[in-house]
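[1] would you be able to build a 3D model of this:
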Amino acid sequence: MEVIGKSKAHIVLDSCLTESADYFSDHLRILKCNPYCKNIDYHENLDLFQWTFEVDDPRNNPIVALFFVQQDVEHLPPGSPQLEKCANDNGKIAENIGGKLIRWRAAETKPEIKITSKNTFIGDAEAEICLLHHENNKTSVHFETNMTLDFKLSFPLNMMPEMVLKFMTETIMSQIMQQATESMLCKVQSDICCIDAAIDAEGEARNVAPKT
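    Numbering: from 1, shown residues only. Now for the predicted structure:
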């Protein structure tokens, strides 16, 4: 049974577009903020990342999901359809100077992985992170994620109507993803604030005249 979970969130960061884009382009740093991401591996020969996510089912049994993802970063020129879509979703943008789009897409070629547990599944994950210049030198970030998993149903779940079970599972999966996305972005905001504070403190220290 194939199920799809979706999440969507928006935040405004107290950092400029360039700094925010550099931060979100750091794949490992962003994913480590996700509370369900247990491990991230990079397969250099295939130029892809392997995510290992873990969540407990209603009986507190761990369910492990593996995703193989590639990352692309592109500039959004002023007037581009993707830029206009994000601008409409995120509200008023101070200047239409373009933006950045970071895409996570499911890898077409996956490494051979031996699955030994019946509670481990390989899925597909896709995300779009749209970053736009905001007023007061801030950055508006639109984060949208889709994850797909193909479950093999066992007794007694396979006795339920598939459409009912699919609806229930997708609802729960989307709720978990939404909570994880919001938690991840909160950590990103906190991290950027700490970075800015450290930079400010370093700048103040340099401006302090040495005692004689």
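
[2] and the strands in the chain, which stretches?
    For the chain, the strands defined by DSSP state E cover 2-13, 37-43, 48-56, 62-76, 99-106, 120-134, 138-150.

[3] can I get these in a markdown table with mean pLDDT, distance to residue 186 and mean neighbour count?
    Placement of C-beta: from N, CA and C, glycine included. Supplementary listing: those in a markdown table, determined by pLDDT from 0 to 100; distance: least, Cβ to Cβ, whole Å; neighbours: other Cβ atoms under 10 Å:
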| stretch | mean pLDDT | distance to residue 186 | mean neighbour count |
| --- | --- | --- | --- |
| strand 2-13 | 90 | 8 | 17 |
| strand 37-43 | 92 | 15 | 14 |
| strand 48-56 | 91 | 19 | 18 |
| strand 62-76 | 91 | 22 | 16 |
| strand 99-106 | 93 | 19 | 20 |
| strand 120-134 | 90 | 16 | 20 |
| strand 138-150 | 90 | 12 | 20 |
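
[4] for residue 190, find the nearest of these.
    Closest to residue 190 of those is strand 2-13 (Cβ to Cβ; 10.9 Å).

[5] who does that closest one touch, helix- and strand-wise?
    strand 138-150, helix 162-207 (3 or more Cβ pairs under 8 Å, 6 or more residues apart in numbering; DSSP states H and E).

[6] most packed of these?
    Of these, the one with the most neighbours on average (mean count of other Cβ atoms under 10 Å) is strand 138-150, at a mean of 20.

[7] and the angle from it to strand 99-106?
    Angle of strand 138-150 versus strand 99-106, following axes from the mean of the first three to the mean of the last three Cα atoms, to 10 degrees, is 10 degrees.

[8] show me what strand 138-150 is packed against.
    Right, strand 138-150 is packed against strand 2-13, helix 17-25, strand 62-76, helix 81-90, strand 120-134, helix 162-207 by 3+ Cβ pairs under 8 Å, 6+ apart.

[9] now render the ones you listed as JSON lines, adding distance to residue 97.
    Formatted as JSON lines, the helices and strands packed on strand 138-150 follow (distance: least, Cβ to Cβ, whole Å):
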{"stretch": "strand 2-13", "distance to residue 97": "16"}
{"stretch": "helix 17-25", "distance to residue 97": "8"}
{"stretch": "strand 62-76", "distance to residue 97": "10"}
{"stretch": "helix 81-90", "distance to residue 97": "10"}
{"stretch": "strand 120-134", "distance to residue 97": "5"}
{"stretch": "helix 162-207", "distance to residue 97": "20"}
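
[10] quick one: which of the helices and strands packed on strand 2-13 is nearest residue 34?
    helix 162-207 (4.7 Å).

[11] tell me how far the nearest residue to residue 115 once chain neighbours are set aside lies from residue 180.
    Once flanking residues are discounted, residue 115 sits nearest to residue 122: 7.3 Å by Cβ to Cβ, 6 or more residues apart in numbering. Per Cβ to Cβ, to the nearest Å, residue 122 is found 19 Å from residue 180.

[12] using a markdown table, please lay out the strands of the chain together with distance to residue 171.
    Listed next are the strands of the chain as a markdown table, based on distance: least, Cβ to Cβ, whole Å:
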| stretch | distance to residue 171 |
| --- | --- |
| strand 2-13 | 9 |
| strand 37-43 | 22 |
| strand 48-56 | 14 |
| strand 62-76 | 16 |
| strand 99-106 | 22 |
| strand 120-134 | 17 |
| strand 138-150 | 14 |
